[in-house]
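In: Here is my input; please provide its structure:
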Amino acid sequence: MEAAPIPRPNERLLARVVPYWLIADGLGAVVVTGLAWFVARPLLVDNWKAWSPTYDNVLLGCCLGLLALTILSPPLAWLRWRFAFLGDLLLMRYGILFVEERAVPVKRMQHVDLVRGPIERLFGLATLVVFTAGNEGSAFRVPGLSAARAQELRDRIVEARGDGRL
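Out: Residues are numbered from 1 along each chain as shown. So this is what the prediction gives:
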């Protein structure tokens with residue numbers, strides 16, 4: 001007898017996770033770009049005799065590419081992200097170029113955290129962090145949830161565990 005196929009997750013993250021990701025990732029990209037241009041570049045120019053304007057163009061292209069990736073990836077990631085809590089499984093599907101699908105049984109979940117950083121609170125978002133037994137992928141995140149939805153999912157996981165000690 002064949003097992004029924006696992007359904008695909010269909011619940012989306014909140015759309016306001018896109019500007020949150022843009023700001024959070026953008027801050028990191030600006031710091032990396034600034035360090036590359038204003039700290040690494042002068043060190044290379046002073047210490048590397050063969051430095052030329054061509055290297056400036058390559059470095060500028062890398063910095064602009066990083067900033068472009070920072071702007072393009074949040075909306076693409078949001079379009080792909082799906083999750084669902086069905087029975088005793090937490091299902092997730094995410095990724096842009098490499099799509100990952102996870103089906104995590106509740107019995108493997110060790111504990112659940114809710115994370116709300118300052119920028120997440122500004123957007124009214126929370127991240128559900130689930131820790132599982134095992135080595136590979138022993139912790140995973142479901143970002144872009146409302147605080148109420150994240151608490152509801154946490155409570156459902158605790159209830160599905162049945163022992164109340166996540």
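
In: Ser146 is in contact with Ala126, isn't it?
Out: Yes: at 6.9 Å, Ser146 counts as touching Ala126 under the criterion of CB atoms under 8 Å. Placement of C-beta: from N, CA and C, glycine included.

In: Leu69: what's it in contact with?
Out: Leu69 makes contact with Ala29 under the criterion CB atoms under 8 Å, 6 or more residues apart in numbering.

In: That one: helix or strand, and which one exactly?
Out: In this assignment (DSSP states H and E), Leu69 forms part of helix 53-80.

In: Toward the C-terminus, what is the element adjacent to that helix?
Out: strand 82-86.

In: Quick one: name whatever helix or strand follows that following strand.
Out: strand 89-94.

In: ok, and what's touching that next one?
Out: Here strand 89-94 has contacts from 6-9, 77, 80-85, 99-106, 109, 130, 140, 142, 153, 157, using CB under 8 Å, 6+ apart.

In: mind running it again at 10 Å?
Out: 6-11, 13, 77-78, 80-85, 99-106, 108-109, 112, 128, 130, 132, 140-143, 153, 156-157, 160 (CB atoms under 10 Å, 6 or more residues apart in numbering).
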